[in-house]
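> this one's structure only:
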């Protein structure tokens, strides 16, 4: 007996597949692991898969329907392997905090680059804004950087209910990936919107102002109007993979709109005379922090891309 379903939880050893209103506990066929996939996780949350049941009643995933998109990063400590976070996504939310903990802007940029590369619309949720009442300039600057780059930034506070209704409306009927560093409040936000979901939340470690991991593996939850929300474990770094240096600038929307005015068609936007991108940075039309991320990623720092 064979069926088709969607992977809603993946632990690495077994997978929960929703099929015809039933949750099936599945393993994956050994050959599936070796089919030219240089990934630590060949089957991921959001995958549409085909499963079969053997004589003992055990279900096995034997095929994956081609993905329309996915979010991928370099696997931790494995320089040549990738880790796919989720597949077949309608939109991605990156949850960012400027305090307790502070999200590095380069992390935000790396996530957004990946969304651009795999055609996943991204929205930035600036969380814990209730803690930033004394720092309106920091909030305004963050908005200026990313709204200037073409992204929507939504101020939220799960504890105060700020922006929660806006996020809830955006989730309806769509498959949404929610990602970010540990401790930024991903699980708290989801639990606030959908209190019936069994999502664990954690406190911030005061000693390091970094979050404790509460989600141990990605899980997909059904939400209103046929949508799903994917809660992911907190991510420390976001190493890019499958993106060549010469195409990197294509994933900065603000560079795309400017690069056509460069003197040279093959401008790398680093040192060439007549570079419109460099001029836009000098004029403040492109945020320096975004350009700095571009240069750092091009420099192939060992931490992320070697």
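Here it is on my side, so go on. Values in this document were obtained by computation on a predicted structure and should not be read as measured data.

> look at residue 125 and report its pLDDT.
At residue 125, the pLDDT value in this model is 98.

> I'd say it and residue 92 touch.
No. The criterion here is Cβ atoms under 8 Å, and residue 125 misses it with residue 92 at 10.5 Å. Every C-beta, even on glycine, is put in place using the N, C-alpha and C of the backbone.

> mind checking how far the longest strand anywhere in the chain is from the chain centre?
In the chain, with assignment by DSSP state E, the single longest strand is strand 2-10. With Cα atoms, centre = their mean, to the nearest Å as the basis, strand 2-10 stands 21 Å off its chain's centre.

> renumber starting at 22 from here on
Happy to do that; since the first residue is 22 now, the last one works out to strand 23-31.

> could you list every helix and strand that that strand packs against?
Judged by 3 or more Cβ pairs under 8 Å, 6 or more residues apart in numbering; DSSP states H and E, strand 23-31 is in contact with strand 36-40, strand 43-49, strand 69-74, strand 240-243.

> and those, which one averages the lowest pLDDT?
Note on these: strand 240-243 shows the lowest mean pLDDT, a mean of 90.

> outside of the helix or strand following that one, which residues touch it?
Sequence-wise, the next helix or strand downstream of strand 240-243 (DSSP states H and E) is strand 249-252. For strand 249-252, the surrounding residues in contact (Cβ atoms under 8 Å, 6 or more residues apart in numbering) are 29, 66-67, 107, 110, 192, 195-199, 207-208, 211, 215, 220, 236, 239-244.

> same deal with stretch 286-306?
169, 266-267, 270, 275-276, 279-285, 307, 309, 312, 315-316, 319.

> buried ones among those?
270, 275, 276, 279, 280, 283, 307, 312, 315, 319 (16 or more other Cβ atoms under 10 Å).

> which of those fall in strands?
Using DSSP E, none of those sit in strands.

> which one of those residues sits closest to residue 95?
residue 319 (15.8 Å; Cβ to Cβ).

> close enough to count as contact, that closest one and residue 265?
No. Counting by Cβ under 8 Å, residue 319 sits too far from residue 265 to count as a contact (10.6 Å).

> now the residue nearest to residue 182 when sequence neighbours are not counted: how far from residue 155?
The shortest distance from residue 182 to any non-neighbouring residue, by Cβ to Cβ, 6 or more residues apart in numbering, is to residue 213 (7.6 Å). Remark: distance between residue 213 and residue 155 (Cβ to Cβ, to the nearest Å) = 24 Å.

> more crowded one of those two?
Under the criterion of other Cβ atoms under 10 Å, the comparison of residue 213 against residue 155 puts residue 213 first, with 19 against 7.
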